[in-house]
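Q: Kindly return the folded structure for what I paste below:
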Amino acid sequence: MAAATLAEKVPVGGAEEPQPPAGAEELAAQKREQRLRKFRELHLKRNEARKLNHQEVVEEDKRLKLPANWEAKKARLEWELQEEEKKKECAARGEDYEKVKLLEISAEDAERWERKKRRKNPDLGFSDYAAAQLRQYHRLTKQIKPDMETYERLREKHGEEFFPTSNSLLHGTHVPSTEEIDRMVIDLEKQ
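A: The predicted structure is shown next:
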């Protein structure tokens, strides 16, 4: 009888594997679920970080491809837009924009700009003929105002020939108008 009970306890296929209790299986399943959930969260975070990093790389590439003076140019354009808006507001109210603009400038700013202007082109008196000629040249070139209407008219008239190429012959083709000649004579008489 003892042999029969021993045979019942030992299975035919070999040693019996110990079965964990049902509570331990649930605990292991919960841990596995937590790990899988954590793994999915980390996977999503990694994908999100990769997308954000890619966007940053694209933005940085755009910034690097912009000209070196882009920020200054952008600030200048914004300032010009604000100036245009102020001009429109003053025109709507019937005020002179230049006077309104001068009223907004503080005394310290005006003095600083005047000092800067004097420093930029100080009158040192006569030193030599070359320096005097250069100063006169700069003064005269600042006074030149381009005639955009004539420029546009000539550009439309000549078409593609208006912009010279290596095969263009420009010498002797321009005939100045009488107004341009009169303006030159007046400038020469002033000198």
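Q: For this structure, give me the ranges with low pLDDT.
A: 1-22, 121-123 (pLDDT under 70).
Q: centroid residue for it?
A: What sits nearest the mean C-alpha location of the chain, by Cα atoms, centre = their mean, is W70, with 4.4 Å.
Q: distance of it from V57?
A: In this view, W70 and V57 are 19 Å apart by Cβ to Cβ, to the nearest Å. Where C-beta positions appear, they are placed from N, C-alpha and C, glycine not excepted.
Q: Show the secondary-structure elements that the longest helix along the chain is packed against.
A: Scanning the chain for the helix with the most residues, using DSSP state H, yields helix 22-65. Other helices and strands packing on helix 22-65, by 3 or more Cβ pairs under 8 Å, 6 or more residues apart in numbering; DSSP states H and E, are absent; none qualifies.
Q: Helix or strand next in line after that helix, which one?
A: Toward the C-terminal end, the helix or strand that comes next after helix 22-65 (DSSP states H and E) is helix 70-93.
Q: So which residues make contact with stretch 93-111?
A: 86-87, 90-91 (Cβ atoms under 8 Å, 6 or more residues apart in numbering).
Q: With respect to K145, which of these is nearest?
A: K87 (19.9 Å; Cβ to Cβ).
Q: The closest one - how many residues pack around it?
A: By other Cβ atoms under 10 Å, the residues close to K87 number 14.
Q: do the same with D147
A: D147: 14 surrounding residues under other Cβ under 10 Å.
Q: sec struct for V175, please.
A: coil (DSSP: H, G, I helix; E, B strand; the rest coil).
Q: If you could redo that for E95, that was the one I meant.
A: What three-state DSSP gives for E95 is coil.
Q: where's it relative to K87, distance?
A: Shown here: E95 relative to K87, a distance of 10 Å by Cβ to Cβ.
Q: Can you say which of the contacts of stretch 93-111 are buried?
A: C90 (16 or more other Cβ atoms under 10 Å).
Q: Relative to E149, which of the contacts of stretch 93-111 is nearest.
A: Closest to E149, out of all of the contacts of stretch 93-111 and judged by Cβ to Cβ, is K87, at 22.1 Å.
Q: so who does that closest one touch?
A: Applying Cβ under 8 Å, 6+ apart, we find K87 in contact with Y97.
Q: burial count for L36?
A: 10.
Q: quick one: contacts for it?
A: Listed by Cβ under 8 Å, 6+ apart, the contact set of L36 is empty.
Q: ok, now how distant is it from A49?
A: On the measure of Cβ to Cβ, L36 and A49 end up 20 Å apart.
Q: Can you tell me the SS state at L169?
A: On the three-state scheme (three-state DSSP), L169 is labelled coil.
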